[in-house]
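Peer 1: let me see the structure of the following:
(one chain, ligands or ions: 1)
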Amino acid sequence: MRKPMMAGNWKMNMTVAEALDLARQINQLVGDTTVVEQLLCPPSVCLHPLKATTTGMPFALGAQNCHWQDSGAFTGEISPPMLRGLADYVIIGHSERRQLFGETDETVNKKTRAALANQLIPVVCVGESLEQNERGETTAIITAQVQAALEGLSADQVQSLVIAYEPIWAIGTGRAATAQTAGEICGLVRSILHDMHGAPVAAATRILYGGSTKPDNIGAIMEQPDIDGALIGGASLEAGSYAEMVKITAEPYSG
Ligand code: 13P
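Peer 2: Numbers count the residues shown, from 1 in each chain. You can find the predicted model right below:
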């Protein structure tokens, strides 16, 4: 019912030429798997060329950020209407944006609403820091972040979006959460959705895990019932490892 998703967050990597090359390589390696949704989130300057080049390839495209206003004096920002037609998804509230660029629960909520108003599917990121984790605050932090991000959204809007649990201590560190822990926190996210909007919404909403996922650990992570996919950083920059992760995820669904 919830289609598994392997989402590659390329972050600030890849020139246009490199992005086109990577997409072509992935397409060749994966073949025509349709049981897993493949989402590529390149730097925004690559969206238009990728859109033109990947026609006929089984990729959805996502931006890595957007502003909440439609237009205006916001130098360097990109608005949801500008992304419409180029991207299907937009990552919102990635921890790097929260930590390095001052994003708050409030701006995450504004961006989520603006994305939805422009037919973009938000991939809303939540996650606790190492200090918060060590102080035993994970449940409180994740609950607060999810509730704030989704405030004011309808049940239909919530079940259309994607939530990614990315513990900050696992991002780019090579130290992934254990499959069990990742599964538990994604289960917590699902229970928050249940409390906010009831069982059907909780059952329909896709929840991803992100943080040092790679071909070695994706199988165990995907076995967790509340995990519907991964938001992949480093391992999505290499066609072979991303393709492998798509294939491992597709295995239980094929034939
Ligand atoms: P890594 O897979 O490199 O840890 O990055 C995870 C991430 O931040 C994806 O958004």
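Peer 1: how many residues are close by the closest residue to the ligand within the stretch 151-255 of the chain?
Peer 2: Distances between the stretch 151-255 of the chain and the ligand by Cβ to the nearest ligand atom are smallest at Gly233, namely 2.2 Å. C-beta coordinates here come from the backbone N, C-alpha and C atoms, glycine included. Close neighbours of Gly233, defined as other Cβ atoms under 10 Å, add up to 22.
Peer 1: equivalent analysis for Ile171, please.
Peer 2: 22.
Peer 1: what about the helix of greatest length in the chain, average pLDDT?
Peer 2: Among the segments of the chain that qualify as a helix by DSSP state H, the longest is helix 179-197. When pLDDT is averaged over helix 179-197, the result is 98.
Peer 1: quick one: name whatever helix or strand follows that helix.
Peer 2: helix 199-204 (DSSP states H and E).
Peer 1: how far off centre is the host helix or strand of Thr107?
Peer 2: In the assignment (DSSP H and E), Thr107 maps to helix 105-117. Centroid displacement of helix 105-117 relative to its chain, using Cα atoms, centre = their mean, to the nearest Å, is 15 Å.
Peer 1: got the buried residues for that helix?
Peer 2: Within helix 105-117, the residues scored as buried using 16 or more other Cβ atoms under 10 Å are 105, 107-116.
Peer 1: now the phi/psi pair for the residue of the chain most remote from its centre, please.
Peer 2: For the chain, the largest distance from the centre (Cα atoms, centre = their mean) belongs to Ala73, which lies 28.1 Å off. Backbone torsions for Ala73, taken as degrees, to the nearest 10, come to phi -90, psi 80.
Peer 1: about what we covered before: let me see the contact set for the residue of the stretch 151-255 of the chain closest to the ligand.
Peer 2: 9, 11, 171-172, 210 (Cβ atoms under 8 Å, 6 or more residues apart in numbering).
Peer 1: at 7 Å what do you get?
Peer 2: Taking Cβ atoms under 7 Å, 6 or more residues apart in numbering as the criterion, Gly233 is in contact with 9, 11, 171-172.
Peer 1: cool, Trp68 as well?
Peer 2: Taking Cβ under 7 Å, 6+ apart as the test, what Trp68 contacts is 110-111, 114.
Peer 1: give me the three-state assignment for it.
Peer 2: Using DSSP: H, G, I helix; E, B strand; the rest coil, the secondary structure recorded for Trp68 is coil.
Peer 1: any idea how far it lies from the ligand?
Peer 2: Note on Trp68: its distance to the ligand, by Cβ to the nearest ligand atom, to the nearest Å, is 20 Å.
Peer 1: from Val108, how far off is that residue?
Peer 2: Going from Trp68 to Val108 by Cβ to Cβ, to the nearest Å gives 10 Å.
Peer 1: and the closest residue to His94 other than its chain neighbours, what element?
Peer 2: Nearest residue to His94, sequence neighbours excluded (Cβ to Cβ, 6 or more residues apart in numbering): Cys125, at 4.7 Å. Using DSSP H and E, Cys125 sits within strand 121-126.
Peer 1: mean confidence score for that strand?
Peer 2: Rounded mean pLDDT across strand 121-126 is 98.
Peer 1: can you check stretch 86-100 too?
Peer 2: 97.
Peer 1: just the terminal-to-terminal distance for that stretch.
Peer 2: 26 Å (Cα to Cα, to the nearest Å).
Peer 1: repeat that for stretch 80-92.
Peer 2: Stretch 80-92 end-to-end distance (Cα to Cα) = 12 Å.
Peer 1: buried ones in it?
Peer 2: Those would be 80-83, 86-92, for stretch 80-92 by 16+ other Cβ under 10 Å.
Peer 1: what about the nearest residue to Thr33 once chain neighbours are set aside, distance to Pro225?
Peer 2: Nearest non-adjacent residue to Thr33, counting by Cβ to Cβ, 6+ apart: Ala250, 4.8 Å away. Ala250 sits 18 Å away from Pro225, going by Cβ to Cβ.
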